[in-house]
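Engineer: sequence first, predicted coordinates after that:
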Amino acid sequence: MRKIKTGIMVILMLALLWGLQAQAGSIVWVDDSVSGSNLEMDIALEVQVENEPRFDYGQRKNINFKIKFRNGMSSEGITDVKFHPITANDSVTYPFEIENQDISIQNIPANQDFVSKDISFKARNDVLSGYRTIGYQIYFKYAGKQYYYQDEFHVNINGNPDLNNGDSSSEPTTSDPSEKNDIKIFMGVNQSTPVCVYGQPVEITLTLLNNGGNTANGVVITPVVDADSDVFPFEIQQMNYSRDLETLIGTGVQQDAASRTKTVKYAFVTRQKVTSGYKKVSFQIDYYTDALIDKTITKDIYVMVKGNPEMDAEAETGEDGEAKTSIPRVIVSGYTTKPKDILAGDSFEITLRMTNTSKQTAVSNMVFDIQSENFTIDTTSNATAAAFLPVSGSSSIFVDRIGPEETKEISIEMTARTDLSPRPYVLNVKMDYEDGKKNTYESTASVSVPVKQKDKMEISSPEIMPESIDVGGQANIMFSIYNTGKTQLYNVMVRFKGDSIEETECFVGNVAAGATGSVDTMLTGIAATVDDGTLIAEITYENQSGESLSVEKEYTLYVNEFIPGDDMFIEGDMGMGEMEEPKKNNLPLIIGGIAAVLAAAGAAAFVIIKKKKAKALELLESEDIDEV
């Protein structure tokens, strides 16, 4: 940074001619590449400001600035012109609300008429009466280099009478005896904004003034350091930056402001990896009162940083030659849910990972609005509803700041509707945020959240014919599987197992939502029943996720020992000496037994066939009704 000492003329206009303040300021080149050289240029800015504008406390008012650029070397004008007030947090130094830090002004041609710009200021409500000197800077580009013009203007403030206690004196001193018990520490009073160049040392001098009635004891000031260069743009070279100021006496002890002011100096080195722009640097001030009460306050200053060009690589030049800053992109880099699987009708917590992809630009004042897609709930009226609803009723989340290439997580608890079909649903994340220059941005990101339905199955009562069989005999078993859920059941298989029957499998196949699967098979007895005859039918299937699940259904079937007929007994010797009785003719009995067995089998077959016909007729009627 070097002042242009030779050939820079700022033309003074007579204030009485136009009723304006003619400001004799200075132009500074924000560059370190020519350190040690003598730069001579014949350029000048002429600024005229409305003569001592008057503000009432809380009043918003425009101040008119007239700017002319004079170029004694060429007809080239200046571009990217911005007005920057030198602000402070205390109303004594800066009596206006801190609003826009950089106010754009149109490009100014060389050697032509004044360019007029109205700039809005709003007086603070807590301001005291008096005249104030307001410093300001006008940044601009000329011949491809960055400059700023620095000067000041004066305003007359009609302060808050509650603070002034009816005193309209121009000195902002404490006159209310009740306020003499206060300790009011101001920092940076009447000081210009420091200019820092990347990689270069800089000395920052801070003035501290106690404008309260009592004395602050044991005063210690410490800069708030941070790894983020947007928060603390200097190298962290010390473990402790605290400075002991001992005391800051108040107005109750000394009325002279200069005697109540102390100075502290910091020697910093601006970081290599830092971006250009105004950076806020915070300082923590610790002290204790006469009543031995510990107090801590935080005061802020702003420094103007000339950043590393590599870090400013995101600044591009548009077709119109104006500086154009690329948009910092914030994306959803991933998400997780608790529980992992979301079932329709259940509540869940989703955590979104939000990543600032910019390598240099931090984003702040972020508002995320999380909304799910709508789905049709009534095809007749085309009525729709949100798939997910926030449990708390609010879908907005605020995040203060996300640094360059930083990721932060946001979470929200939501409930999935009970009537959702099993499929992914889109969750939209609308984002509103600002960059360091208060430029506002909007964007939207989306994620797909899969929803599953619970498997629901009903099984009818098994029909068994006959209800008891002999070993080696067979019984027919029939029942239905009803899919009462909203998801399909895949590869349905039924296994009949038990000690008294031969293991048997029956493949049913896929059963769609709302459909019915039928089971009809024969069971063979292999051993006599020794218990109550309860057996198990195990029904296995695969759900929509490919998981294999099973349910069991009990049924009863008795298996009896096979008892042969009388003709199958072979009579042994009944004892020595006994005579065999003459053999009887058993042919009629055998014929009768066979006829009885055939008759029973015919009756059973007739009943089974009749039931199967009735079942088939029932299914046919159901299909006819569906077609209608």
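Structural biologist: Received it, and whenever you're ready, just let me know what you need. Note that the structure is a prediction, hence the values are computed from the model and not measured.
Engineer: how about the strands in the stretch 501-628 of the chain?
Structural biologist: Listed in chain order, the strands of the stretch 501-628 of the chain (DSSP state E, counting those that start in this stretch) span residues 504-511, 516-524, 534-542, 548-556, 558-560.
Engineer: what's the most buried one of those?
Structural biologist: Between these, strand 558-560 has the highest mean count of neighbours, a mean of 20, where neighbours are mean count of other C-beta atoms under 10 Å. Any C-beta I mention is one placed from the backbone N, CA and C, and that applies to glycine too.
Engineer: pairing partners for it, with directions?
Structural biologist: Here strand 558-560 has these sheet partners by DSSP bridges: strand 468-470 (parallel).
Engineer: which residues touch the partner strand?
Structural biologist: By C-beta atoms under 8 Å, 6 or more residues apart in numbering, the residues outside strand 468-470 that reach it are 475, 525, 533, 557-563.
Engineer: quick one: the next helix or strand after that strand to strand 548-556, angle?
Structural biologist: Proceeding N to C from strand 468-470, the next assigned helix or strand is strand 474-483, under DSSP states H and E. Angle between the axes of strand 474-483 and strand 548-556 is 130 degrees (criterion: axes from the mean of the first three to the mean of the last three C-alpha atoms, to 10 degrees).
Engineer: beyond strand 474-483, next helix or strand please.
Structural biologist: Once the chain leaves strand 474-483, the next helix or strand it forms, by DSSP H and E, is strand 489-497.
Engineer: list the contacts of that following strand.
Structural biologist: Residues from elsewhere that reach strand 489-497, judged by C-beta under 8 Å, 6+ apart: 455, 457, 477, 481, 483, 503-511, 517, 519, 521, 523, 535-543.
Engineer: from Leu45, how far out is Asp520?
Structural biologist: From Asp520 across to Leu45, the span is 99 Å (C-beta to C-beta, to the nearest Å).
Engineer: what of Tyr425?
Structural biologist: Using C-beta to C-beta, we find Tyr425 at a distance of 59 Å from Leu45.
Engineer: comparing the two, which residue is more hemmed in?
Structural biologist: Just comparing Tyr425 and Leu45: by other C-beta atoms under 10 Å the higher neighbour count belongs to Leu45, 25 against 21.
Engineer: could you report the pLDDT at that one?
Structural biologist: On pLDDT, Leu45 comes in at 84.
Engineer: now do the SS call for it.
Structural biologist: Under the three-state scheme (DSSP: H, G, I helix; E, B strand; the rest coil), the conformation of Leu45 reads as strand.
Engineer: please apply the same query to Gly436.
Structural biologist: Going by three-state DSSP, the secondary structure assigned to Gly436 is coil.
Engineer: that one touches Ala362, doesn't it?
Structural biologist: Yes. Gly436 sits in contact with Ala362 when judged by C-beta atoms under 8 Å, with a separation of 6.1 Å.
Engineer: intersection of neighbour lists for the two?
Structural biologist: The overlap between the contact sets of Gly436 and Ala362 (C-beta under 8 Å, 6+ apart) consists of Asp230.
Engineer: do you know how far the most centrally placed residue in the chain is from Ser394?
Structural biologist: Of all residues in the chain, the one closest to the mean position by C-alpha atoms, centre = their mean is Ile410, 4.2 Å from it. In this structure, Ile410 lies at 13 Å from Ser394, with C-beta to C-beta as the measure.
Engineer: how about Glu442?
Structural biologist: If you go by C-beta to C-beta, the gap between Glu442 and Ser394 works out to 19 Å.
Engineer: same question for Tyr57.
Structural biologist: On the measure of C-beta to C-beta, Tyr57 and Ser394 end up 37 Å apart.
Engineer: the more surrounded of the two?
Structural biologist: When Tyr57 and Ser394 are compared on other C-beta under 10 Å, the one with more neighbours turns out to be Tyr57, at 21 against 10.
Engineer: next, count neighbours for the residue lying closest to Ile103 once chain neighbours are set aside.
Structural biologist: Leaving aside its chain neighbours, Ile103 sits nearest to Phe83 (4.4 Å; criterion: C-beta to C-beta, 6 or more residues apart in numbering). As a burial measure, the neighbour count of Phe83 was computed by other C-beta under 10 Å and equals 20.
Engineer: likewise for the one 10 residues further on?
Structural biologist: Residues contacting Thr93 under the criterion other C-beta under 10 Å number 22.
Engineer: how about the contacts made by it?
Structural biologist: With contacts defined as C-beta under 8 Å, 6+ apart, Thr93 is in contact with 186, 188-190.
Engineer: so which of those are in strands?
Structural biologist: With strands taken from DSSP state E, the overlap with these comprises Phe186.
Engineer: now for the contacts of Thr93, which pair is the farthest apart?
Structural biologist: Using C-beta to C-beta, these span at most 10.1 Å, a distance reached by Phe186 and Asn190.
Engineer: which one's more surrounded, these two?
Structural biologist: In this view Phe186 and Asn190 are compared by other C-beta under 10 Å, and Phe186 has more residues nearby, 22 against 14.
Engineer: tell me the pLDDT at the more buried one?
Structural biologist: The per-residue pLDDT reported for Phe186 equals 86.
Engineer: I'd guessed it sits against Ala216; true?
Structural biologist: No. Contact status for Phe186 versus Ala216: not in contact, 11.7 Å apart, counting by C-beta under 8 Å.
Engineer: got any residues that touch both of these two?
Structural biologist: Taking C-beta under 8 Å, 6+ apart as the criterion, Phe186 and Ala216 both touch Asn210.
Engineer: so which elements touch the helix or strand where Asp151 lies?
Structural biologist: Asp151 is located in strand 145-158, with elements delineated by DSSP H and E. With contacts defined as 3 or more C-beta pairs under 8 Å, 6 or more residues apart in numbering; DSSP states H and E, the packing partners of strand 145-158 are strand 20-23, strand 26-29, strand 43-50, strand 54-56, strand 130-142.
Engineer: ranges for the helices of the chain?
Structural biologist: Read by DSSP state H, the chain holds these helices, from start to end of the chain: 15-18, 161-164, 587-627.
Engineer: tell me who's in contact with the residue nearest to Ile103.
Structural biologist: Listed by C-beta under 8 Å, 6+ apart, the contact set of Phe83 reads 65, 102-103, 105, 117, 119, 136-138.
Engineer: out of those, who's nearest Asp90?
Structural biologist: Within those, the smallest distance to Asp90 is 17.5 Å, found for Tyr136 (C-beta to C-beta).
Engineer: before we move on, back to that, could the contacts of strand 468-470 go into a markdown table alongside pLDDT and distance to Glu463?
Structural biologist: A markdown table is the format used below for those (pLDDT from 0 to 100; distance: C-beta to C-beta, whole Å):
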| residue | pLDDT | distance to Glu463 |
| --- | --- | --- |
| Ala475 | 92 | 10 |
| Gly525 | 91 | 18 |
| Gly533 | 84 | 16 |
| Leu557 | 91 | 12 |
| Tyr558 | 90 | 15 |
| Val559 | 91 | 18 |
| Asn560 | 90 | 20 |
| Glu561 | 87 | 25 |
| Phe562 | 79 | 25 |
| Ile563 | 75 | 27 |
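Engineer: is the closest residue to Lys454 other than its chain neighbours bridged to anything, and to what?
Structural biologist: Ranked by C-beta to C-beta, 6+ apart and with sequence neighbours excluded, the top spatial neighbour of Lys454 is Leu343, at 5.8 Å. When bridges are assigned using DSSP bridges, the partners listed for Leu343 are Lys452.
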